[in-house]
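# When you get a sec, could you give me coordinates for this:
(chains A and B)
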Amino acid sequence: MSRERKMGMATRDAYGKALAELGKTNPNVIVLDADLAKSTKSEAFGKAFPNRFFDCGIQEANMAGVAAGLAMSGFIPFMNSFACFLMCKTYDQLRMSVAFPELNVKAVGSHGGISIGEDGASQQSIEDFSLAASLPNFTVLSACDEVSTAALVPKIAEHKGPLFMRTGRPKAPLVYDAKNAPKFEIGKGNIVREGRDLSIFANGLLVFEALVAADNLSQKGIEASVIDIHTIKPIDRELVIAQAKKTKAVVSCEEHQIYGGLGSIISKVLSEECPTPIEFVAIQDTYAESGTPDELMEAYKLTAPHIQKACEKVLSRKR
Amino acid sequence: MSTPKTSSLSIAELKKCANEIRKDVIRMTAAAGSGHPGGSLSAADIVTALYFRAMRHDPKNPSWPDRDRFILSKGHASPVLYSALARSGYFPTERLITFRKLGSPLQGHPDMRRIPGLEASTGSLGQGLSIGLGVALGRRLASRDYWTYVMMSDGEMNEGQTWEAAAFAHHHKVDHLVLIVDYNKFQLSDATHKICDMEPLADKWKSFNWHVEEMDGHNMEDVARHLEAAKKISGKPIVLIAHTIKGKGVSFMENNNHFHGVAPTEEEAKKALQELEGKAL
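Below you'll find the model as predicted:
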């Protein structure tokens, strides 16, 4: 029996909607974009609150500095662009003007991962988690569906300090039921499926893929936990350790370059606290290409069957 | 409501104060054995005019929401800023000598988390104007009454981000913002015109629709007059291109780019302080 793939909004759409909603209750929220508001979905906020929205034009570096200055003046700036441009074109500005002085700037990058599709490698963001996580004082998020995105946006505004969140371009299958959703806290993973045999930690679109993989494994009598680990940094150490100790096998899944992202951060915790066999589902140190989102996710081995294979491999290594 | 501010010094007093600040720059960099004296000395008169005459600020209340802000984009000139902050009363002047030492709040380049009254962390060139735009927009959004001053080096005119900020400022009609270019004609490697000539600089800013003025950055009357006149301009950003001399005030350091990023030796410092003592008389 296969899990129903019930599609929700893209996380970028959910973000845009939640941001415009946030604007109603929080007058300190200021939104900046670099000529991509239609795509990042910050446009809805701009239409609702034109006085608190600044389109900077195609100048990401300046946008980051302006955001820093606004944060210094007591505002909560959300700066937006594609994730690849947001992290790569403003890296020094995020370092010097935001991370180092610990300013309350929220950087939200849309079009995360390779599932943006046909635009190809130059627009696909596969390094954003590791770049953001490398900046001291930065919190790093990647939500999996519209429900979690909508719940996390107000938490982002409440959170004090620099933060990066990735959103995605394509519609995202629903992991959560809006009517019956758990609590979402920055820094806390959510167990979306309980299992005794292994633990799958995933974020973004791969949370749903992990659930499908877990369902398929269940047919073979293998029960996997699936954890939506939307906060990459600070990682939920307690949960990672508890799950590893309980199941003694771990798989990490992310639509990101294999170095420096979720898998690297989880394995560090495991190495320190409870060495556990781990397999990594991620982009294997390469740039992707043009194609449909589904084709790319399959070609770069980020779908449920590949997660299942990683699970079987880690089980074979289980001590 | 009374508006707190530091004392507004006369021109004669400002000159004296700038001389004291120059002596601090020499003492601090010499004691540290490193630092950037050349660009600190070129900025000394302007920074003095800002902190002791033009700016409204209150060292007893560093987070006063309506205070004027100064952002030193050329963060390597930190000694001149630290001296002005200490002499304004933000922290004891005795602390200046800890500059660049482990554990000191006086970091090689400014760290706003460590010093009250220090508005921005800088040191990676070309970022201060963008930060200043955010602070100036914050003024408008919060309907506050303050001015934002940003100081950049002529070397920072090389940076692309500077011109992004220049275009943004015009487009969004950012005002109550004064950029001061400490145009000392040198950057690290050599004369600015030899590295990456930015002339005609005033025309560049004019073409970006800024209000542009040029001044003698070492003529205290001229500096004070321009800073005062700027306060009467609204609706557009202002740039004051200050013609200055790197190493100004110490004969053997003036226009001597060796002292861009090299501290005076003990002997050089002694000689420099003697010269500056003579000027104070």
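# would you list every one of the strands in the stretch 51-200 of chain A?
A:53-55, A:76-82, A:106-110, A:139-142, A:163-166, A:171-173, A:190-193, A:198-202 (DSSP state E, counting those that start in this stretch).
# and those strands as CSV, adding mean pLDDT?
Listed next are these as CSV, based on pLDDT from 0 to 100:
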stretch, mean pLDDT
strand A:53-55, 98
strand A:76-82, 98
strand A:106-110, 98
strand A:139-142, 98
strand A:163-166, 98
strand A:171-173, 98
strand A:190-193, 98
strand A:198-202, 98
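# Quick check: which of those is buried the most?
Comparing the strands of the stretch 51-200 of chain A by mean neighbour count (mean count of other CB atoms under 10 Å in any protein chain shown), strand A:198-202 comes out on top with a mean of 31. Any C-beta I mention is one placed from the backbone N, CA and C, and that applies to glycine too.
# Parallel or antiparallel, which strands does that strand pair with?
strand A:224-228 (parallel), strand A:250-257 (parallel) (DSSP bridges).
# Nearest approach to A:Arg169 belongs to which of the ones you listed?
A:Arg169 lies closest to strand A:250-257 among the strands paired with strand A:198-202, at 11.2 Å (CB to CB).
# buried sites along the very next helix or strand once past the closest one?
Later in the chain than strand A:250-257, the nearest helix or strand by DSSP states H and E is helix A:262-273. The neighbour-count check on helix A:262-273 (16 or more other CB atoms under 10 Å in any protein chain shown) flags A:262-267, A:269-270 as buried.
# who's in contact with helix A:262-273?
A:129-130, A:133, A:201-203, A:229, A:232-233, A:235, A:237, A:240-241, A:244, A:250, A:252-254, A:256, A:258, A:276, A:278, A:280, A:282 (CB atoms under 8 Å, 6 or more residues apart in numbering or on different chains).
# Run the chain-centre distance for that helix.
18 Å (CA atoms, centre = their mean, to the nearest Å).
# any idea which helix or strand comes after that helix?
The helix or strand immediately downstream of helix A:262-273 is strand A:278-283, counting by DSSP H and E.
# Can you spell out which helices and strands pack onto that following strand?
Judged by 3 or more CB pairs under 8 Å, 6 or more residues apart in numbering or on different chains; DSSP states H and E, the packing partners of strand A:278-283 are strand A:250-257, helix A:262-273, helix A:304-317.
# Report the backbone C-alpha coordinates of the shortest one in PDB.
Below are the C-alpha coordinates for strand A:250-257, written out as PDB (Å, rounded to 0.1, in the frame of the first residue of the first chain):
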ATOM      1  CA  VAL A 250      21.000   6.300  10.800                       C
ATOM      2  CA  VAL A 251      20.300   7.700   7.400                       C
ATOM      3  CA  SER A 252      20.500  11.400   6.600                       C
ATOM      4  CA  CYS A 253      18.600  12.800   3.600                       C
ATOM      5  CA  GLU A 254      19.000  16.300   2.100                       C
ATOM      6  CA  GLU A 255      18.600  18.000  -1.300                       C
ATOM      7  CA  HIS A 256      22.100  19.500  -0.800                       C
ATOM      8  CA  GLN A 257      25.800  18.900  -1.600                       C
END
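# what about that strand, average pLDDT?
Average pLDDT, strand A:250-257: 98.
# try the longest one
Averaged over helix A:304-317, pLDDT sits at 98.
# now that helix and strand A:224-228, what's the angle there?
Helix A:304-317 runs at 120 degrees relative to strand A:224-228, counting by axes from the mean of the first three to the mean of the last three CA atoms, to 10 degrees.
# mind checking how far helix A:304-317 is from the chain centre?
22 Å.
# Give me every residue in chain B lying close to chain A.
Neighbours of chain A within chain B, by CB under 8 Å from any CB of the partner chain: B:65, B:111-113, B:119-124, B:127-139, B:141-142, B:160-161, B:164-165, B:167-168, B:171-172.
# Just the ones in helices from those, please.
The members of the residues of chain B next to chain A that map onto helices under DSSP state H are B:128-139, B:141, B:160-161, B:164-165, B:167-168, B:171.
# ok so, going back, and the buried residues of helix A:262-273 as JSON lines, adding distance to B:His36 and pLDDT?
Shown next, in JSON lines, are the buried residues of helix A:262-273 (distance: CB to CB, whole Å; pLDDT from 0 to 100):
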{"residue": "A:Leu262", "distance to B:His36": "42", "pLDDT": "98"}
{"residue": "A:Gly263", "distance to B:His36": "43", "pLDDT": "98"}
{"residue": "A:Ser264", "distance to B:His36": "38", "pLDDT": "98"}
{"residue": "A:Ile265", "distance to B:His36": "38", "pLDDT": "98"}
{"residue": "A:Ile266", "distance to B:His36": "43", "pLDDT": "98"}
{"residue": "A:Ser267", "distance to B:His36": "43", "pLDDT": "98"}
{"residue": "A:Val269", "distance to B:His36": "42", "pLDDT": "98"}
{"residue": "A:Leu270", "distance to B:His36": "46", "pLDDT": "98"}
